[in-house]
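J.: A predicted structure for the sequence below; I have some questions about it.
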Amino acid sequence: MALGQRLEKTVKGTDLALAGEALSLDRTGALWLPEHRTLVVSDLHLEKGSSFAARSGQFLPPYDTRETLACLHEVIQRLDPACVVALGDSFHDARGPERMEPGDRAMIAALQEGRDWVWIAGNHDAAVSEGVGGRYCETVSLGGLTLRHEPLAGAEAGEIAGHLHPCGKVTMRGRSVRRRCFVGDGHRLVMPAFGAYTGGLNVRDAAFEPLFPKGFTAYLLGDGRVFAIGRTMLGKD
Amino acid sequence: MPAPPDLPPRFSAWFATRGWSPRPHQLELLATVRGGRSALLVAPTGAGKTLAGFLPSLVELSERQGSKDGSKGGKAKGLHTLYVSPLKALAVDIARNLDAPIEGMQLPVTVETRTGDTPAHKRARQIQRPPDILLTTPEQLSLLLAHREAEAFFAGLKTIVLDELHALVTSKRGDLLSLALARVRRLAPEARAIGLSATVREPDELRKYLVSQNPPPSAGEGGPRFSEGRERGAPLPDNAEPAPYPPAPQAPSPAEGRGIPVAPMAELVVVKGGAKPDLHMLEVNRTLPLAGHTAWHSMPAIYDLIRAHRMVLVFVNTRLQAEYTFQELWRLNEDTLPIALHHGSLDATQRRRVEAAMAAGQLRAIVCTATLDLGIDWGDVDLVVNLGAPKGASRIMQRIGRANHRMDEPSKAYLVPGNRFEMLECRAALDAVEEAAQDTPDARLGAPDVLAQHVLGMACADAFDPLELYDEVVSAAPYATLSWEDFEAVVDYVATGGYALRAYERFAKILRGPDGKWRVRDARVAQQYRMNIGTIVESTHIKVRMARSLRSKPGTVLPKGGRTLGEIEEDFAETLTVGDTFLFAGEVLRFEGLAEDECLVTRAGPGTDPAIPSYAGSKFPLSTFLAARVRAIIADPFEWDRLPRQLADYLAQQRRHSVLPGERDLLVETFARAGRHYLNAFPFEGRLAHQTLGMLLTRRLERARLRPLGFAANDYGIAIWCTKDLSERAALSPGFMEALFDEDMLGDDLEAWLDESAMMKRTFRQCAVIAGLIERRFPGQKKTGRQVTISTDLIYDVLRRHQPDHLLLRAARQDAATGLLDVTRLGMMLRRIRGRITHKALDRVSPLSVSVMLEIGRERVYGEGADEILAEAEAELLQEALG
């Protein structure tokens, strides 16, 4: 415990640099770009719950959208961004916006009020329907950063992507903790999924290998803050 | 009591050829059932219970044949008798046993089994041309009732026999079976139910279970829906105001007030006597440890017992204990006696081999867990050894009954305590067996998740009228107090998930037609129901497979390779790191990694000590009944003469150093040791209730700024350690202990803890599976790379925040009250000790405290939250960076 407290002082928060840009990793899984006053969230998967009802008759609690939006609301209140970028897979499927409750729709409109809002296209919502405000883009460039949904093998330095829903697992003294995480190597950063019903892919999965050939650090979302964990401490599922 | 009739001549003759004469209970049951009444037969093992249960059917079927010869019949032959057993293997075994009377008397009776293993073509044929007697399980019965042909199939049913009823009714399977029975009564109003049971504490609960609690007015019973509720659940005498938890079980019944005073019950047939068991505590000539359950000190004595008997069943409480005991016995096994191992995690083929060898009399001993508790007579067992704490009087009685299946001869058994406290438990159990006292649990309140499954099944069978189905459901004893509103909530849940946010109306699974009846939406929903039937939700298991190591590259293993050894819980596998050793399938194994959904292992080198994993304790908590007896023994020094000397000495030491609590009191000791301040309490209420107590007390101590660091619990007590001086605080503020142990901890503190409790999440997951919210994962079904399923933990978190009164959360709470969290028992304890706390501030650890202190380090420590673990892992990175 004492060691943890000392760490708070030596490792300065969870600020990182990527391609010369300052990044701040928020414990909610959002990414804050202070120089651009831009907030990035990835893989909201709104209306994922209702997609199960539509597809397979499983009636999961239909509250995931408002839960995700409430969490987003909290970060936006705290940081007051000029621009919000949703990094793709914002809706679980293309018909998600149609199924959305009016209250949730109003919530999105309220969050968009007075700020720029960009929906980046993902694989789940490549053909997102209109009616939820904001602009649609394939990628966004901000200074030295490129924001896109799916990380590209051999991408330029400064790529920020989502899509993979990274999770890290730490096992110690018979107990394991599995949490969503950012993954970065100074060259690129893969963001955790932000949605309430989004699961995770272990960062030790083969899918991450080509993206980080020289290894990576995972930044796990703890209850109180973000923890930087080296690859050797991360277990497989 | 009806006058026992004579057996038909054919039967008397057959009995005579076997050298038997019909026993009075067999004749009594025959008369009762033939008189059209349902009955409960309570008998000790070896009393010919099963034959008695089938006798009415066999007699009737033999007569039917007679009338057929006289060409009176003409109606197609239908199912006459349905037999339901909790174990598939038992159903198969009974089918074999019925061969003897049927062939012996040349009865024209057909007997078949229907289990999960029955091939599809045979199932289809059974629906078209049923046998006279069908042997099956509760799950298969539910499936049959959800069949489109159910009405025709069951129409002619005359008898339903429920075997091992005492074991069934205490679980959700019992709830499911009670609902099935209610439906059977409707489809076959003439059918009589016969319950077969071991001796139980409250036979009346089982008698109610067998008959409708809601007899139709035409039956001349006056017709009220049911008697006043509250005779089930936890009937506490001073339970005027319900504890804040669990939430008031059910709304008052609509028919309340006009109830008849006594609930309808089946007739009772009791087999008296049976020889008293020849039961002893195994005394060994050494001092027993204060904690631990392995009973290593008794292994040579147990081995000697095995040598001196024909076949010995060695019962243990956990799978790990089974593994350990098996290893130890083989270490001593100089005579290479055939000693086998049997527990639920072993590969099924391996278990079948052991069972066959046992039946053939090829074994001298079997080390086993609860898997052999029930029913099947596989062999000529002449001694039962129960290793470790008995935990419950009825459980021990059932186990003892496995030795010698002839009721007139005494069963022989030894109880082997693993530590000094278990000696106390063994003494209490010996007394209970001597008095034939029972501690079977109270009757259950039917679970809402099970009802949801049943409602969907009934919609699959045919369109249902909600009022009619409600009447049917409340005729089942566990659901007798279910209110109409709660029933409606279940139907609403089945239809669209039961959410306040009406998001799923257009996807509804069952739809209400203009006629007011509910119908299943389509064949896919019916298919989903069939795939997810049942109430047993296993924690996810993964296969354990031998891996071949690569000789060319030491340290690496081939991902595929050797044989499957069995299955272990996924949770356990997840805590293993490569190189860890553990005991499984009688061997010390080295964990080599997980590949897809298999746990790969190699044999550990000889002499390797296994790192015996997490739960070293017993799986079953100490029963309330035995706990009370243990407290009584401790409180009364005159009782100590009957205890082994070392135990009496130990208690005397405790009295010298601290105090011994009175029978209903709670002893709390505080003292400092090695820079920590301890608070140790001894409620004797079982590990589960103590763990819940520990979680709640640490929260309170934290609020009182006493800085708790962790706690440990066993079946008898709990130890909490803090940074601040507890003795001092108690001295400064009078009433501190009373406030700390106040019942109000079951309010907000409990609620706050439930938010994050892993136990609660596991409980919720089980309810969600049973109620069909999420689909079962079948063995062999692989997880996809990116999980397309949603973790139930996420669902739990979201639902709790947005609709805390949702049906499934209520179901989970109801389970938590008696299950993994044992909140009900904790509540009873807190009421018991109100004003009866004895606090002792000591200057050092007391003898009693030592036992629970020895648990420290075996259990997860409070305060070691996720962030602490992550911080420690982060520190490693820092070390790396600093070189």
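T.: Cool, the structure landed. Residues are numbered from 1 along each chain as shown, chains lettered A, B, ... in the order given.
J.: hmm, who's touching stretch B:350-364?
T.: For stretch B:350-364, the surrounding residues in contact (CB atoms under 8 Å, 6 or more residues apart in numbering or on different chains) are B:89, B:306-307, B:309-312, B:337-342, B:366, B:371, B:376, B:378-380, B:566, B:585. Every residue, glycine included, has its C-beta placed from N, CA and C.
J.: hmm, I typed the wrong one, I wanted stretch A:91-103.
T.: With CB under 8 Å, 6+ apart, stretch A:91-103 has contacts from A:44-48, A:50-51, A:54, A:62, A:65-66, A:105, A:124-129, A:131-132, A:195, B:501, B:503.
J.: repeat that for 7 Å
T.: A:45-48, A:50-51, A:65, A:124-125, A:127-129, A:131-132, B:501, B:503 (CB atoms under 7 Å, 6 or more residues apart in numbering or on different chains).
J.: for that stretch, measure first residue to last.
T.: Taking CA to CA, to the nearest Å, the first and last residues of stretch A:91-103 lie 16 Å apart.
J.: in that stretch, what counts as buried?
T.: Within stretch A:91-103, the residues that qualify as buried are A:Phe91, A:His92, A:Asp93, A:Arg95, A:Gly96, A:Pro97, A:Arg99, A:Met100, A:Glu101, counting by 16 or more other CB atoms under 10 Å in any protein chain shown.
J.: same check on stretch A:45-62?
T.: A:45-54, A:57-62.
J.: farthest pair within the buried residues of stretch A:91-103?
T.: Using CB to CB, those reach their maximum pairwise distance at A:Asp93 and A:Glu101, which is 16.1 Å.
J.: in chain A, which strand has the most residues?
T.: Determined from DSSP state E, the single longest strand within chain A is strand A:175-184.
J.: show me what that one is in contact with.
T.: A:16, A:18, A:25, A:29, A:166-170, A:189-193, A:200, A:203, A:208, A:212, A:216-222, A:235, B:574-575, B:860, B:866, B:869-870.
J.: can you flag which of these belong to strands?
T.: Those of these lying in strands (DSSP E): A:16, A:18, A:25, A:166-170, A:189-190, A:217-221.
J.: check the residues you listed against chain B, which are close?
T.: Filtering these for proximity to chain B (criterion: CB under 7 Å from any CB of the partner chain) leaves A:Val170, A:Leu220.
J.: can you tell me the SS state at B:Ile533?
T.: Secondary structure assignment for B:Ile533 (DSSP: H, G, I helix; E, B strand; the rest coil): coil.
J.: mind checking how far it is from chain A?
T.: Per CB to the nearest CB, to the nearest Å, B:Ile533 is found 16 Å from chain A.
J.: quick one: neighbours of that residue, just the number.
T.: For B:Ile533, the count of nearby residues is 22 (other CB atoms under 10 Å in any protein chain shown).
J.: how about it, what does it touch?
T.: B:Glu139, B:Ser142, B:Leu143.
J.: related to what we said a few turns ago, and the furthest pair within the buried residues of stretch A:45-62?
T.: A:Leu46 and A:Gly57 (20.4 Å).
J.: which stretches in chain A count as helices?
T.: A:2-10, A:48-56, A:64-79, A:96-99, A:102-112 (DSSP state H).
J.: quick one, which of those helices is nearest to B:Gln453?
T.: Closest to B:Gln453 of the helices of chain A, according to CB to CB: helix A:48-56, at 17.5 Å.
J.: quick one: contacts of the closest one?
T.: A:58-62, A:64, A:92-93, A:96, A:99, A:195, A:197, B:503-504, B:507.
J.: which one of the residues you listed sits closest to B:Glu743?
T.: A:Pro61 (31.8 Å).
J.: is it correct that that closest one is in contact with B:Ile795?
T.: Yes - counting by CB atoms under 7 Å, A:Pro61 touches B:Ile795, with 6.0 Å between them.
J.: show the end-to-end separation of stretch B:528-547, please.
T.: Start-to-end, stretch B:528-547 (CA to CA) is 36 Å.
J.: can you mark which positions in that stretch are buried?
T.: B:528-529, B:532-535, B:537, B:541-547.
J.: filter the residues you listed down to just the ones in strands.
T.: Among the buried residues of stretch B:528-547, the members found in strands (DSSP E) are B:His541, B:Ile542, B:Lys543, B:Val544, B:Arg545, B:Met546, B:Ala547.
J.: tabulate the residues you listed (a markdown table), appending distance to chain A and pLDDT.
T.: Shown next, in a markdown table, are those (distance: CB to the nearest CB, whole Å; pLDDT from 0 to 100):
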| residue | distance to chain A | pLDDT |
| --- | --- | --- |
| B:His541 | 16 | 68 |
| B:Ile542 | 11 | 73 |
| B:Lys543 | 16 | 79 |
| B:Val544 | 17 | 83 |
| B:Arg545 | 17 | 84 |
| B:Met546 | 20 | 84 |
| B:Ala547 | 15 | 81 |
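J.: farthest-apart pair in the residues you listed, please.
T.: Spanning the widest gap among those are B:His541 and B:Ala547, at 18.2 Å by CB to CB.
J.: follow-up on the earlier one: out of the buried residues of stretch B:528-547, which is nearest to B:Leu740?
T.: B:Val537 (36.0 Å).
J.: that closest one touches B:Val769, doesn't it?
T.: Yes - counting by CB under 7 Å, B:Val769 is a contact partner of B:Val537 at 4.7 Å.
J.: count the residues that sit near residue 133.
T.: Let's take chain A. Neighbour count for A:Gly133, taken as other CB under 10 Å: 13.
J.: if you could check chain B rather than the one you did, that'd help
T.: 25.
J.: same deal with B:Arg548?
T.: By the criterion of other CB under 10 Å, B:Arg548 has 14 neighbours.
J.: what's the spacing between the residue in the stretch 1-150 of chain B positioned nearest to chain A and A:Pro61?
T.: Nearest to chain A in the stretch 1-150 of chain B, going by CB to the nearest CB, is B:Ala146, at a distance of 16.7 Å. Using CB to CB, to the nearest Å, one gets 26 Å for the distance from B:Ala146 to A:Pro61.
J.: same thing with B:Arg656?
T.: 58 Å.
J.: and B:Lys122, by the same measure?
T.: 41 Å.
J.: cool, and B:Arg192?
T.: 44 Å.
J.: again with B:Arg707
T.: From B:Arg707 over to A:Pro61 (counting by CB to CB), the distance is 37 Å.
J.: tell me which of the contacts of stretch A:91-103 is nearest to B:Gln106?
T.: Comparing the contacts of stretch A:91-103 against B:Gln106 with CB to CB picks out A:Ser51 as the nearest, at 62.9 Å.
J.: check B:Ala191 and give its pLDDT.
T.: The pLDDT attached to B:Ala191 in the predicted structure is 96.
J.: isn't it right next to B:Thr159, touching?
T.: Yes - when contacts are counted by CB under 7 Å, B:Ala191 is listed as touching B:Thr159 (6.3 Å).
J.: so those two - more neighbours on which side?
T.: B:Thr159 (24 against 21).
J.: residues touching that one, list them.
T.: B:Val33, B:Pro56, B:Ser57, B:His80, B:Thr81, B:Ala191, B:Arg192, B:Ile194.
J.: what helix or strand does the residue nearest to the first one when sequence neighbours are not counted sit in?
T.: Looking back up the chat, that one is B:Val33. Take B:Val33 and drop its neighbours on the chain: the residue closest to it by CB to CB, 6 or more residues apart in numbering or on different chains is B:Pro56, 4.0 Å away. Using DSSP states H and E, B:Pro56 falls within helix B:49-69.
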